[in-house]
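S.K.: The following block contains a protein sequence and its predicted model.
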Amino acid sequence: AQSVTQLGSHVSVSEGALVLLRCNYSSSVPPYLFWYVQYPNQGLQLLLKYTSAATLVKGINGFEAEFKKSETSFHLTKPSAHMSDAAEYFCAVSAYNTDKLIFGTGTRLQVFP
Amino acid sequence: NAGVTQTPKFQVLKTGQSMTLQCAQDMNHEYMSWYRQDPGMGLRLIHYSVGAGITDQGEVPNGYNVSRSTTEDFPLRLLSAAPSQTSVYFCASSYSPGTGQTEAFFGQGTRLTVV
């Protein structure tokens, strides 16, 4: 069965600092991995996805993530945080031949001026 | 193009009452699903549907029923509400080639409180 683990339920950074949100996956088949963002009182929207085409994936708003099979990781990064990045971020996995998404428990990102 | 529309946005129920959370999408997506979001637990899949007339259980289906009579609509029914069902509910849809690669589109959520 597929699963994802997000390390750190809360991450705080200063504006302009590096953002690093961690996600490790478990899957017996080649996984498809996603990062979604949820702004306050809103639904989730896709930031980026990995579907085996390239290991470094670029998404919206300057975010990117690198798929590392040897480390079973798919960490989300952004070189310079902006106040508008404050939100909750979810890592998710789906397996080949199914559209079911399995979500991690989420990481809340706070950005301080 | 409205995307995924959920109604109502907020609801308070008394224990034992029943209600239906509505979800509609206008993107002709085959795959639709319901999740509940609870603090510290992320999103957990309740029920899903791969097309009209086809539904299946997710991770936490107890206390909930679904049906899918049309491609557009996927209502979630609470037959007898319990305080443990206090949560934020999200409906999602995606184009479904069955490969697991497609983006899910989410509604704005329904915040349900059961007292």
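M.R.: Sure, I can see it.

S.K.: The residue positioned nearest the centre of chain B pairs with what?
M.R.: Central residue of chain B (CA atoms, centre = their mean): residue B:34, 2.7 Å from the mean position. Assessed by DSSP bridges, residue B:34 has beta-bridge partners residue B:47, residue B:91.

S.K.: Return the distance of it relative to chain A.
M.R.: 12 Å (CB to the nearest CB, to the nearest Å). From N, CA and C alone the C-beta is placed, and that goes for glycine too.

S.K.: How many residues are close by residue A:77?
M.R.: Residue A:77 sits with 14 neighbouring residues when counted by other CB atoms under 10 Å in any protein chain shown.

S.K.: excluding its backbone neighbours, what's nearest it?
M.R.: residue A:20 (5.4 Å; CB to CB, 6 or more residues apart in numbering or on different chains).

S.K.: Please list all residues in contact with the one you found.
M.R.: A:11, A:75-77 (CB atoms under 8 Å, 6 or more residues apart in numbering or on different chains).

S.K.: Correct me if wrong, but it is in a strand.
M.R.: Yes. According to DSSP: H, G, I helix; E, B strand; the rest coil, residue A:20 belongs to a strand.

S.K.: Which residue is the nearest non-sequential neighbour of residue B:69?
M.R.: The shortest distance from residue B:69 to any non-neighbouring residue, by CB to CB, 6+ apart, is to residue B:52 (6.6 Å).

S.K.: er, residue A:51 I mean
M.R.: Looking at residue A:51 with CB to CB, 6+ apart, the closest residue is residue B:101, at 4.4 Å.

S.K.: What is the burial count for residue 69?
M.R.: I went with chain A, as the question did not name one. Neighbours around residue A:69, by other CB under 10 Å: 11.

S.K.: if you could check chain B rather than the one you did, that'd help
M.R.: 10.

S.K.: From what I see, it and residue B:53 are in contact.
M.R.: Yes. Applying CB atoms under 8 Å, one finds residue B:69 in contact with residue B:53, separated by 7.4 Å.

S.K.: circling back to that earlier point, can you tell me how far the residue nearest to residue A:77 sits from chain B?
M.R.: 19 Å.
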